[in-house]
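Just to be clear, the model below is a prediction. Sequence and coordinates:
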Amino acid sequence: MSRRDLDALVIGAGVSGLTTAVCLAEAGMRVIIWTAEPPERTTSYAAGAMWGPYHVEPVDRVRVWSAQTLEVLRQLATDPQTGVRLVSGIEASRKPVDPPEWGSQLGGFRTCEVSELPDGFATGWRYTAPILDMPTYLGYLRGRLEAAGGGIEIRRIDSLDEVVGVAPVVVNCAGMGARDPELAPVRGQLVAVENPGITEFFSEDTGVSPDLLHFYPHGETVVLGGTAQPGEWNREPDPGIAAAIVARCAEIEPRLRGARVVELRVGLRPTRPFVRVEKRQFRSARMIHNYGHGGAGVSLSWGCAAQVVAGSG
């Protein structure tokens, strides 16, 4: 596809970039993604991942984006080839806290009886939510993009000046690569292990602690988490942190103790005070920014992409 044939260029091939490119292509636009790394090297690949718009602003816009995304993920969960499934489980806290305000959107949402909670937990909720096996899901999105006539090109961009004249619409989904001074990484590490028979998720509300505790079953594997380390750029897995993650999760689910480790994953959540989805004129191009989703990229992806499509005409 030559430059003069393009309607839109998307920068970045994480979940936000891929979803945006899919929506643009399926709206009839000729689209290509430029990305420094393929989807399997992005932060999105390392995600757990479960729908839940945690710790992300602005709240009013997040409500809309997350609700739109939830609707799409529920539809995708009817097709096992997408990597999306609806899974039941418990979110709990060791101290009394209010339930999440978005809980009423999820199937079967209710307060747990004390007898349902692990020892040491004060409150919790049971619900059913979309859980995504990210390696499968990113492959699904890539295939859907290609089926709509789009493609991916591995190309690192050092300056937005490089996109001038490439396409009339440019969408910046570069995550930490956006070089926004308001962006900061929050390092996340997870551990994928062989599934010893777990069918339900568990997630602890750990507040502002950098040590997270959650596990999400994905058929033959379970993804255990995790960490939230602000300002950390290191993408190399830390075996000590991995062992601590397994130990925390095994306290809740003893069957995880000794489960064979399949993969260690690390990603840098692109975090800023407010998610940036806005349109700007950049020389001859209509520039639409779509980044800064923190740990909620999956949860906001389809809603943000829909707003990008609306602003691309």
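Thanks, I have it. Numbers count the residues shown, from 1 in each chain.

the longest helix in this protein is where?
Looking across the chain with DSSP state H, the single longest helix is helix 59-76.

Tell me where the stretch 1-150 of the chain has helices.
Ranges of helices in the stretch 1-150 of the chain, per DSSP state H, counting those that start in this stretch, are 15-26, 59-76, 134-147.

For these, please prepare a markdown table with the additional fields mean neighbour count and mean pLDDT.
Where C-beta positions appear, they are placed from N, C-alpha and C, glycine not excepted. Formatted as a markdown table, these follow (neighbours: other C-beta atoms under 10 Å; pLDDT from 0 to 100):
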| stretch | mean neighbour count | mean pLDDT |
| --- | --- | --- |
| helix 15-26 | 28 | 98 |
| helix 59-76 | 17 | 97 |
| helix 134-147 | 19 | 98 |
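
Including distance to L183, could the ones you listed go into a markdown table?
Output for the helices of the stretch 1-150 of the chain, formatted as a markdown table (distance: least, C-beta to C-beta, whole Å):
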| stretch | distance to L183 |
| --- | --- |
| helix 15-26 | 13 |
| helix 59-76 | 17 |
| helix 134-147 | 21 |
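
Which residue ranges of the stretch 201-313 of the chain form helices?
239-252, 297-311.

Name the residues of the longest one that are buried.
Neighbour-count burial for helix 297-311 flags 297-309 (criterion: 16 or more other C-beta atoms under 10 Å).

Ok, stretch 203-218 next?
S203, E204, D205, T206, L212, L213, H214, F215, Y216, P217, H218.

what's near enough to touch the nearest residue to V87 once chain neighbours are set aside?
Spatial nearest neighbour of V87, chain neighbours left out: I131 (4.5 Å); criterion: C-beta to C-beta, 6 or more residues apart in numbering. Residues near I131 by C-beta atoms under 8 Å, 6 or more residues apart in numbering: G48, A49, M50, W51, V84, R85, L86, V87, F201, Y216, P217, H218.

Any chance of TSV for the residues you listed, columns pLDDT and distance to V22?
Shown next, in TSV, are these (pLDDT from 0 to 100; distance: C-beta to C-beta, whole Å):
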residue	pLDDT	distance to V22
G48	91	21
A49	94	17
M50	97	21
W51	97	18
V84	98	14
R85	98	20
L86	98	21
V87	98	24
F201	98	26
Y216	98	24
P217	98	26
H218	97	22
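
hmm, back to that, give me the helices and strands touching the longest helix of the chain, please.
With contacts defined as 3 or more C-beta pairs under 8 Å, 6 or more residues apart in numbering; DSSP states H and E, the packing partners of helix 59-76 are strand 84-93, strand 123-132, strand 261-282, helix 297-311.

now these in a markdown table, with distance to Q68?
Listed next are the helices and strands packed on helix 59-76 as a markdown table, based on distance: least, C-beta to C-beta, whole Å:
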| stretch | distance to Q68 |
| --- | --- |
| strand 84-93 | 15 |
| strand 123-132 | 13 |
| strand 261-282 | 12 |
| helix 297-311 | 4 |
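
Tell me which of these sits nearest to S104.
strand 123-132 (9.5 Å; C-beta to C-beta).

tilt between that closest one and helix 134-147?
Between strand 123-132 and helix 134-147, the angle comes out at 40 degrees (axes from the mean of the first three to the mean of the last three C-alpha atoms, to 10 degrees).

Tell me the pLDDT of Y54.
Looking at Y54, its pLDDT stands at 84.

Check the gap between V275 and L145 for me.
Counting by C-beta to C-beta, to the nearest Å, the gap from V275 to L145 is 22 Å.
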